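Q: A predicted structure for the sequence below; I have some questions about it.
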Amino acid sequence: MRIFALLLFVTLISCGSEDTTSSEILPEELIEEVIEEMAEESLEVYEDEESYDLSKIQFQGEYDGCLPEIDPTFLRWMEQDSLRHFFPWSYELMYMYTSTHLDSVSTKSITKRDTMYEMSPLVWEQYFEGGIKFGFEQYPEAGATGYISTPCTDKQNFIRILYPLMLDEENTWNEDSTEYGPDGAGCYYNFTRDSINSSLTVDWYCGC
């Protein structure tokens, strides 16, 4: 099953691993296996509107102070593109995950709006429980950038949790697993550590 393959990836990559700052490389062979399993799987598509109950997944994921595990129902809705039942098309997948799995401690702080459409924020940020901060910039003709800063210091666990949200068969990892992206158009992800407390941030750019 597609969801089972993702959970298998999560289990295998986390077993027996320790966080380091030098050689944290994800097993490419395992990633390829996950992609193959997902490509072969056909998912059940809900036709009953009552099947989409956001309260079933809100703030239900296990949370160990880094990032919450992705709820299996959220994964299923994500792969079926059913999350659009809850969010506008302008919402980014990383924000859908963050806002459903973590309770916000602030509203969106909008620093810039689209001059043509005043109700559309271009640059904003929001704080969530656990010291997690989400920021986003969207420019219709140039793409979008975003970031999630966290107190998490375990890089392998950090990537393991976020990986299903980033998964793209066109993307590849660099040697030290600090960058994940395609050769051309698409989404590029960059993982960095704070120089003082080693906390992790993922930032990304999606565009041409």
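A: Perfect, I can see it now. Numbers count the residues shown, from 1 in each chain.
Q: can you tell me the distance between the two ends of stretch 176-187?
A: Stretch 176-187 has an end-to-end distance of 18 Å (C-alpha to C-alpha, to the nearest Å).
Q: What is the burial count for the closest residue to residue 57 other than its chain neighbours?
A: Counting by C-beta to C-beta, 6 or more residues apart in numbering, the nearest residue to residue 57 once its immediate chain neighbours are dropped is residue 71, at 4.2 Å. C-betas here are computed from N, CA, C, even on glycine. Residue 71 has 20 neighbours, counted by other C-beta atoms under 10 Å.
Q: likewise residue 161?
A: If we define neighbours as other C-beta under 10 Å, then residue 161 has 23 of them.
Q: May I have the helix or strand hosting it exported as PDB, CA atoms only?
A: Element membership for residue 161 (DSSP states H and E) is helix 155-166. Taking C-alpha atoms only, helix 155-166 is exported to PDB below (Å, rounded to 0.1, in the frame of the first residue of the first chain):
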ATOM      1  CA  LYS A 155      18.300  16.000  11.500                       C
ATOM      2  CA  GLN A 156      17.400  12.500  10.500                       C
ATOM      3  CA  ASN A 157      14.100  12.600  12.400                       C
ATOM      4  CA  PHE A 158      13.400  16.100  11.100                       C
ATOM      5  CA  ILE A 159      13.800  15.000   7.500                       C
ATOM      6  CA  ARG A 160      12.000  11.700   8.100                       C
ATOM      7  CA  ILE A 161       8.900  13.500   9.200                       C
ATOM      8  CA  LEU A 162       8.900  16.100   6.400                       C
ATOM      9  CA  TYR A 163      10.000  13.800   3.600                       C
ATOM     10  CA  PRO A 164       6.400  12.700   2.500                       C
ATOM     11  CA  LEU A 165       5.600  16.400   2.000                       C
ATOM     12  CA  MET A 166       8.600  16.900  -0.200                       C
END
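Q: Distance of residue 139 relative to residue 126?
A: Applying C-beta to C-beta, to the nearest Å, the value for residue 139 to residue 126 is 19 Å.
Q: of these two, who's got more company?
A: Neighbours per residue, other C-beta under 10 Å: of residue 139 and residue 126, the larger number sits with residue 126, 19 against 13.
Q: Tell me the helix or strand right after the helix or strand hosting that one.
A: If you go by DSSP H and E, residue 126 is part of strand 121-128. Using DSSP H and E, the helix or strand that follows strand 121-128 towards the C-terminus is strand 132-139.
Q: in that following strand, what's buried?
A: Under the neighbour-count criterion of 16 or more other C-beta atoms under 10 Å, strand 132-139 has 132, 134-138 buried.
Q: What is the next helix or strand after it packed up against?
A: Next helix or strand after strand 132-139 toward the C-terminus (DSSP H and E): strand 143-149. Other helices and strands packing on strand 143-149, by 3 or more C-beta pairs under 8 Å, 6 or more residues apart in numbering; DSSP states H and E, are helix 93-101, strand 132-139, strand 200-207.
Q: let's go with 10 Å and repeat that
A: Strand 143-149 sits against helix 93-101, strand 121-128, strand 132-139, strand 186-193, strand 200-207, with contacts defined as 3 or more C-beta pairs under 10 Å, 6 or more residues apart in numbering; DSSP states H and E.
Q: Low-confidence bits of the chain, can you list those?
A: Along the chain, segments meeting pLDDT under 70 span 1-52, 56, 59-64, 89-90, 113-121, 140-141.
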